[in-house]
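1. whatever this is, show me its structure:
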Amino acid sequence: MTTASADIIDLLAGLTSGGERGVALAAVRDERPQARENAQRSFEALLEPAAPGTFPLAERYAVAAYVAQLHAFDTATAFYGDLLGDEEPALVAPVAAAAAASATSGPYGLYREPALAGESVEGLRWTPDAEASAALGERLATALAHAHLLVFRPREARAEALQALVEAGWSADDIVSLSQLVAFLTFQLRVAWGLRVLAAAGPAASASVVSAVVSSAAAPASVVVEGV
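-> Numbering: from 1, shown residues only. Take a look at the predicted model:
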């Protein structure tokens, strides 16, 4: 587990490693303490809960490592991979293999609304093969397929897409927590990546762009949950 004092967005963005630009961006984040706190609390509630229940830490870290790799975010992949390795080393390789097999770009998917049908875009609909399912276990393999859906085809995330999770043994509460986790990770990784880009841009980044990115670093209220 991480230490309670570590701000994970700062860590993933490289703002904790020093440098004038990193220090400046961290200071701008400090101007929105509630935003910073909400994002950190979401991480703690979804990835390091005191009582993870029937959605164990190993599965949470496996989903996080998978989503980070789908985003091609090396720092986040290493961070969540380390957490997974500490909790369940045997899952590190099969999770990485699943992410490599399902890598693509998006978003894409089919709209069911007739007025939007013309904007539908085809793309990879990944499901784990028998080898991946054996290595991951059916429950986790199904969770990664659901994460792939939410990352790349959110427009197709409707009730019928949850049936596979139910059949794999996921409870209603754990399905909600899984979906919240993927939503939070997508938010967290994009904010951290944006901050990394701004830090690399240096003074060339305009104040308005900096403000827009930092202002987005507040987890949606629906993501901040307790006891999941």
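2. all contacts plus neighbour counts: C-alpha atoms, from now on.
-> Will do.
3. center of this protein - which residue?
-> residue 185 (2.1 Å; CA atoms, centre = their mean).
4. state the mean pLDDT of the helix or strand hosting it.
-> Element membership for residue 185 (DSSP states H and E) is helix 172-201. Averaging pLDDT along helix 172-201 gives 92.
5. how close does the residue nearest to the centre of the chain sit to residue 118?
-> The gap separating residue 185 from residue 118 is 30 Å, by CA to CA, to the nearest Å.
6. and the gap between the residue nearest to the centre of the chain and residue 138?
-> 22 Å.
7. quick revisit: now do the residue nearest to the centre of the chain against residue 201, distance only.
-> For residue 185 relative to residue 201 (CA to CA), the value is 24 Å.
8. same question for residue 141.
-> The value you get for residue 141 to residue 201, if CA to CA is used, is 39 Å.
9. neighbour count winner among those two?
-> residue 141 (25 against 12; other CA atoms under 10 Å).
10. and what about the more buried one, helix, strand or coil?
-> helix (DSSP: H, G, I helix; E, B strand; the rest coil).
11. number of residues surrounding the closest residue to it other than its chain neighbours?
-> Distances taken as CA to CA, 6 or more residues apart in numbering place residue 133 nearest to residue 141, at 5.4 Å, with adjacent residues excluded. Residues contacting residue 133 under the criterion other CA under 10 Å number 17.
12. what residues sit buried inside whichever strand or helix holds residue 133?
-> For residue 133, the element it lies in under DSSP H and E is helix 130-136. For helix 130-136, burial by neighbour count (16 or more other CA atoms under 10 Å) applies to 132-133, 135-136.
13. picking up where we left off before, quick check: the residue nearest to the centre of the chain touching residue 65?
-> No. The criterion here is CA atoms under 8 Å, and residue 185 misses it with residue 65 at 9.8 Å.
14. got phi/psi on residue 109?
-> phi 130, psi 180 (degrees, to the nearest 10).
15. that concludes my questions; thank you for your assistance.
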